[in-house]
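**Q** Quick one, fold the following:
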Amino acid sequence: MAQQVEQAFADLIAHVQPLPAERVPVTAALGRVAAADVTAPHQLPGFRRAAMDGYVCHEFDVGAASPAHPVRLRVSGEVRMGEPPGEGPDPGEAWSITTGGAMPLRGNRVVPIEWVRRYGDELVMERPAEAKRHISEPGEDLPLGAPVLYAGKVISAAAVAALAGAGIRDVSVHRRPRIALLSTGDELVEARDGADAPSGRIFNSNAYALTGELESIGGLVDYRGIVPDRPEALRESFKEAADVSYDVVLSTGGVSVGPHDKVPRTWLDLGVKRIIGRIDLKPGGPFFAGLVGSMWVIGLSGSPAAALATYHLLARPLLCRLSGRTSFVRPVVPVRLDADLDRPADRFRALWARVEDSGQGRLSARLLTEKALGILGGMIRANGLLLLRPGTPRLRAGSRVPALLLDHQEDREAFVVPQASPAPLVVGIVGSSGGGKTTVITGLLRRLKEGGVRAITVKHAAHGFDIDHEGSDSTLMFEAGAGLVLLAGPDEAVVRLRLDGRELEDDAAIDMAIATAEQLGGSPPQIVLVEGFRHARRPVVVVGESKPDEQSNTVWMTLPTVRSLEPQAFEHALDQLAVLLRERLV
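**A** Numbers count the residues shown, from 1 in each chain. Below is the predicted model of the structure:
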C-alpha cells in the first residue's frame, strides 16, 4: 500500500544521521554546514576608532562653538592607519584622523571634516558640536563572545567575514555528501551536439537536472552514466557503486511496477534495507529509499516531472539533513489560484506552478499546464509546487492552496501541508433599480442560513450612505481625520474607512469582506452575494431588466421584478435559486 507523503518524509528524516565533521580553512567555508557553534574569541575592533574622517579634539574646546564665537584649534599631529594609538592632541589642539583610525590616548571627540575650515595648521569651527562624538567603541562590529556560527546552519559570506575578522583560521563543518548518480532505462541515450535521438529513444535529461540540484546543496556528484534495464546490468552497476565509498547512490527510472522496473528488487537482493517504497503522490508515486550500512539508496521515477517533484519533497530534505543542516524544509505557504482547478485530488498531488506577488504582499499561483509550454517548458518557469491533500475538491480561482516555494532556502524542519481553502462562490445580484434586488438577497440569505451555508453580502452604494448621525463621537473622530473608525456595539460592529476620493474597487471590497468574515468566524464564507459593481468575470442573477453593461455577464438565473410576481411564485423562485447556489458550491 502506498505511503502518505508526510509520513514518508517523517520516516526518512528519522533514519538520517548527519555526516561526520571535518575542519576546513575559513577561505573554504562558504556554503558549508557548521558542525559546532562558534563564538567570537576577540572583540572586533579591539580598540576605539574614528567613525568619520575629521579631527580628534577635546569636547571642552569645541562644545560652545558657534558662528558668533568660532573656535580655533592648532593641528599638531595626525593618526596614521594601521598604527597603534598615539598620545593625541593637547588642549587647544587637534589631530587629523580618517575613518577607522585608532583613537589616540588624548581627545574624546571626532569633528567631521565637513564641519570645519582649515587654513594651514589652523582649524576654524563655527558649528555647534552634536551630542554624537563619532567614535566607535571596541567590540562595535563584533563583541567578545558574540555568536558567529550556529551548528547546523549554512555558512554565509557575512559569517566568513566575521570569522576572518575575529582571527579564526579554520572551522568544523560537516563533510559534503558523496553522491553517485545513475540513470536507468533502455530508451535513454546521452545528448550529443547536433544529433537527434534515434527513433524510439530519448535524451537523458534527468541526470543533468539532478546534478545541478545536488551540487546546489553541496553534494559531490559522480555521474556514472546510463544503465540498461536488464537485471544483470542493474546488479553489476549497483554493486560497483555500493563498493565505492559513496554516502548516497541516487538513480532515476525503474521504480514503478512494470515488467522492466527492477531497481527496488535489485537493491533488496544486494542487502539494502527498505525504508520507504511507493508513496501516494501524483506525479512521483514510484519511489524507493533504503539503507545498506550507512549508505543511502534513493530511486526516483524516470519521468522528469515526477522525478523532480519527489526530489524536492523527499530526497532534497533527506540530503540537507545528511549534510548536517538543522533546517531542511523550504517554506510551505498559502497562495491564491489565479484560475479554476477543475480536477479534484484523489491522492496527494504536486503541481508545478509559477508563484508571484500579486500586490499587497499576497502570493498568487499560475499552473504551468499550457500545451504550448510542454512539461519541461512549464518546469523551467516553475518556482513552486502546489500541494493538494487527498480529498481536495475542485477549486475556484481565488482559492488558497499550500505551495512549496522552490526559490527559497530551507528554514524549518517540519513538513506540514494544510488543507486547501476553497474560495467562496461570489455571485452578483444585478438588474434595474427598483426591481427588488435587496428583497431577493434577503430571501436568499434566510434560505442559505437555514441550509447551513455561511453567506455574506457586499453592497455597492454608488451614491453614498449614512451609518451614523451628525455630532456623534465617531462622526467627529472621522471628520477630524481618523483613517479608520470602528464602532463596536453589543450586537454588531461597523467600520468606517476613509478613502479620500479613491473608489474601493469590487475585488478589493469583496476581499475585505471575506477576510473580515474569516477573521471573526474562523473560516471563510461559502457564498458572497454582491449587489452592485460590475461582474465581468463572475456569474450573476438578473432581477428585472439587465442594464446595458450587464448583458455580457454569465447569467445563472433571471427573475422578473419582485412586484410583478405573486408571493407564492416569488417564494418558489427563491427556493430554486437557493438550490442552484448550493449545487454550485460542490
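**Q** Any stretches of the protein with poor pLDDT?
**A** Low-confidence segments of the chain, defined by pLDDT under 70, are located at 1, 193-194, 260, 360, 370-372, 463, 548-553.
**Q** Can you list the strands that the longest strand along it pairs with?
**A** Longest strand in the chain, counting residues (DSSP state E): strand 348-357. The partner list of strand 348-357 in its sheet, established with DSSP bridges, is strand 281-282 (parallel), strand 363-367 (antiparallel), strand 384-388 (antiparallel).
**Q** Sketch out the helices for the protein, chain order is fine.
**A** With DSSP state H as the definition, the chain shows helices at residue ranges 5-14, 59-62, 157-165, 206-216, 231-243, 263-269, 304-310, 316-322, 374-381, 437-450, 473-479, 506-521, 567-585.
**Q** Could I get those in TSV, plus columns for mean neighbour count and distance to Ala345?
**A** From N, CA and C alone the C-beta is placed, and that goes for glycine too. Conversion of the helices of the chain to TSV gives the following (neighbours: other Cβ atoms under 10 Å; distance: least, Cβ to Cβ, whole Å):
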stretch	mean neighbour count	distance to Ala345
helix 5-14	18	12
helix 59-62	16	72
helix 157-165	16	42
helix 206-216	17	25
helix 231-243	16	34
helix 263-269	20	26
helix 304-310	24	14
helix 316-322	24	22
helix 374-381	14	19
helix 437-450	17	27
helix 473-479	14	47
helix 506-521	15	23
helix 567-585	15	18
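**Q** Can you lay out these as TSV showing distance to Thr39?
**A** Compiled in TSV, the helices of the chain are given as follows (distance: least, Cβ to Cβ, whole Å):
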stretch	distance to Thr39
helix 5-14	29
helix 59-62	35
helix 157-165	11
helix 206-216	29
helix 231-243	41
helix 263-269	44
helix 304-310	40
helix 316-322	25
helix 374-381	43
helix 437-450	62
helix 473-479	53
helix 506-521	43
helix 567-585	58
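**Q** Val189 is nearest to which of the strands paired with strand 348-357?
**A** Across the strands paired with strand 348-357, Val189 has its closest neighbour in strand 281-282 (27.9 Å, Cβ to Cβ).
**Q** list the contacts for Gly398?
**A** Residues in contact with Gly398 (Cβ atoms under 8 Å, 6 or more residues apart in numbering) are Arg336, Leu337, Ala423, Pro424, Val426.
**Q** Which one of those residues is nearest to Ala164?
**A** Closest approach to Ala164 among these (Cβ to Cβ): Arg336, at 44.8 Å.
**Q** In this structure the closest one contacts Gly359, no?
**A** No: shown here, Arg336 and Gly359 do not form a contact pair, counting by Cβ atoms under 8 Å, at 11.2 Å.
**Q** Compare those two (neighbour count), which wins?
**A** Of the pair Arg336 and Gly359, Arg336 is the one with more neighbours under other Cβ atoms under 10 Å, namely 19 against 7.
**Q** Dig out what the more buried one forms beta bridges with.
**A** Per DSSP bridges, the residues bridged to Arg336 are Ser364, Arg400.
**Q** show me what contacts it?
**A** Going by Cβ under 8 Å, 6+ apart, Arg336 touches Ser358, Arg362, Leu363, Ser364, Ala365, Gly398, Ser399, Arg400, Ala423.
**Q** From those, list the buried ones, please.
**A** With neighbours counted by 16 or more other Cβ atoms under 10 Å, these contain buried members at Leu363, Ser364, Ala365, Gly398, Ser399, Arg400, Ala423.
**Q** what residues are up against the first one?
**A** It refers to Leu363. Shown here is Leu363, whose contacts under the criterion Cβ under 8 Å, 6+ apart are Val333, Pro334, Val335, Arg336, Val355, Glu356, Asp357, Ala403.
**Q** switch to 10 Å and redo it
**A** Shown here is Leu363, whose contacts under the criterion Cβ atoms under 10 Å, 6 or more residues apart in numbering are Val333, Pro334, Val335, Arg336, Val355, Glu356, Asp357, Gly384, Arg400, Ala403, Leu405.
**Q** Turn the residues you listed into CSV, columns for distance to His312.
**A** Conversion of the contacts of Leu363 to CSV gives the following (distance: Cβ to Cβ, whole Å):
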residue, distance to His312
Val333, 15
Pro334, 18
Val335, 16
Arg336, 21
Val355, 14
Glu356, 19
Asp357, 21
Gly384, 10
Arg400, 21
Ala403, 12
Leu405, 10
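**Q** Filter those down to the buried ones, ChimeraX style.
**A** In ChimeraX, a selection of the buried entries from the contacts of Leu363 looks like this (16+ other Cβ under 10 Å):
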select :335,336,355,384,400,403,405
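**Q** What is the nearest of the contacts of Leu363 to Gly92?
**A** Checking those against Gly92 with Cβ to Cβ, the nearest one is Asp357 at 60.0 Å.
**Q** State the distance from that closest one to Asn383.
**A** For Asp357, the distance to Asn383 under the criterion Cβ to Cβ, to the nearest Å works out to 12 Å.
**Q** do the same with Ala242
**A** Ala242 is 36 Å from Asn383, where distance means Cβ to Cβ.
**Q** now do Glu6
**A** According to Cβ to Cβ, Glu6 stands 22 Å off from Asn383.
**Q** ok so, going back, dump the buried ones among the contacts of Arg336 to a markdown table, plus distance to Pro304.
**A** Below are these laid out as a markdown table (distance: Cβ to Cβ, whole Å):
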| residue | distance to Pro304 |
| --- | --- |
| Leu363 | 25 |
| Ser364 | 25 |
| Ala365 | 21 |
| Gly398 | 31 |
| Ser399 | 28 |
| Arg400 | 28 |
| Ala423 | 31 |
